[in-house]
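In: Take a look and give me a structure for this.
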Amino acid sequence: MAPAKEKKNYVTLMMIPHNAGKTFCAQLSLPLLVIIGVLWLVTIGISSFILTQRVNYETVKRANIQLTEKNAYFIQELAKSHEAFQRVAKIEEELQAMLKMKTRKALLEYTGEGGPTMADQVQLMQTLKNRSAITENEFDQSLGYLRKSATENVDTYNELKKYVATQRSLLASRPTSWPVRGWITSRFGMRQPPFWDGLTFHQGLDIANEEGSSVKAPADGIVIYSGWQGSYGKLIVIDHGYGYSTRYGHLQRSLVNIGQRVKRGQVIAFLGTTGRSTAPHMHFEIRNHGVPVDPLKYLKQ
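Out: Numbering: from 1, shown residues only. A predicted model of the protein is given here:
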């Protein structure tokens, strides 16, 4: 009896058209179908991998372009910042020269501090402008320079601000305005007094005018005395600070009290003839650290 033939596993694929046309049938063995399926999966996998790599490449490419643009913009702005600090430094030097202040460099000459020279700064700016990329070390150095420059500029600004405020206060406290209108009847220095023979030293100016004329403060200050004082008659004393004080004698009436703060040009009293006086006038003194000085050297002509 002959042996039976080995049966093979087949898969039949049938395609039936909708228009009732000819039916297509294909009979494939199971191993062949498995091979076709594996090839199909491999093809899809390779295609997906290639597509993914292409997408990643385009993403990285766009990111690199953006980074390059940002880096170029950063370099440009960094160079502008250096230029701005140089302009600020130049303005500071001009302002200090105008105010006759010592420069910060002179103040720190013997303190062991230092900084980049102008040539170094110009070279750094040129390097930054000519490069499309900047290293981390260059970035740290540039940022450190900008921070140091900013700190020094702030310190210098505070010094200038303090100096200007002091000078304004000093100017406001310097008695340069005439306290009363009138004519000078006796100047500062040696003179023949009206009540006795012999020469005496006159410590101020005698300014005559009609009784009741307004007396004004020649500068800002604080009233430290207001009352009767012997031959001065009714007297006001104002402390202007910075060693300056003024005295106003022979007044008719005072309008201020002790401890009151007055401003330049403020009416503080009225001219009179109290105390040792021959006619309506005001005795005016300026003292610097307690020493009488010639008022004409301070009053605006």
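In: can you give me how far the host helix or strand of Thr156 is from the chain middle?
Out: Assigned by DSSP states H and E, Thr156 belongs to helix 136-173. Taking C-alpha atoms, centre = their mean, to the nearest Å, one finds helix 136-173 lying 7 Å from the centre of the chain it belongs to.
In: for the record, mean pLDDT for it?
Out: Mean pLDDT, helix 136-173: 74.
In: Counting by contacts, list what it packs against.
Out: On a contact count with 3 or more C-beta pairs under 8 Å, 6 or more residues apart in numbering; DSSP states H and E, helix 136-173 meets helix 30-98, helix 104-107, helix 118-129, strand 234-241. Any C-beta I mention is one placed from the backbone N, CA and C, and that applies to glycine too.
In: Can you name the next helix or strand after that helix?
Out: Downstream of helix 136-173, the first helix or strand assigned by DSSP H and E is strand 183-186.
In: what's the average pLDDT for that following strand?
Out: 93.
In: Report the beta-bridge partners for Ser254.
Out: Ser254 forms beta bridges with Ala269, as assigned by DSSP bridges.
In: wait, isn't it in contact with Ile236?
Out: Yes: using C-beta atoms under 8 Å, Ser254 makes contact with Ile236 at a distance of 5.6 Å.
In: So between the two, which is more surrounded?
Out: Taking neighbours as other C-beta atoms under 10 Å, Ser254 and Ile236 compare with Ile236 leading, 27 against 20.
In: okay but the more buried one is in contact with Gly221, surely?
Out: No: look at Ile236 against Gly221 with C-beta under 8 Å: they stay out of range, at 10.5 Å.
In: where in the stretch 201-301 of the chain is pLDDT low?
Out: Along the stretch 201-301 of the chain, no part satisfies pLDDT under 70.
In: quick revisit: quick check: neighbours shared by Ser254 and Ile236?
Out: 226, 268-269 (C-beta atoms under 8 Å, 6 or more residues apart in numbering).
In: Make a markdown table out of those and add distance to Ile65.
Out: Below are those laid out as a markdown table (distance: C-beta to C-beta, whole Å):
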| residue | distance to Ile65 |
| --- | --- |
| Ser226 | 80 |
| Ile268 | 76 |
| Ala269 | 81 |
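In: Redo the residues you listed as a markdown table? Include distance to Asn153 and neighbour count.
Out: Shown next, in a markdown table, are the shared contacts of Ser254 and Ile236 (distance: C-beta to C-beta, whole Å; neighbours: other C-beta atoms under 10 Å):
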| residue | distance to Asn153 | neighbour count |
| --- | --- | --- |
| Ser226 | 47 | 22 |
| Ile268 | 44 | 22 |
| Ala269 | 48 | 24 |
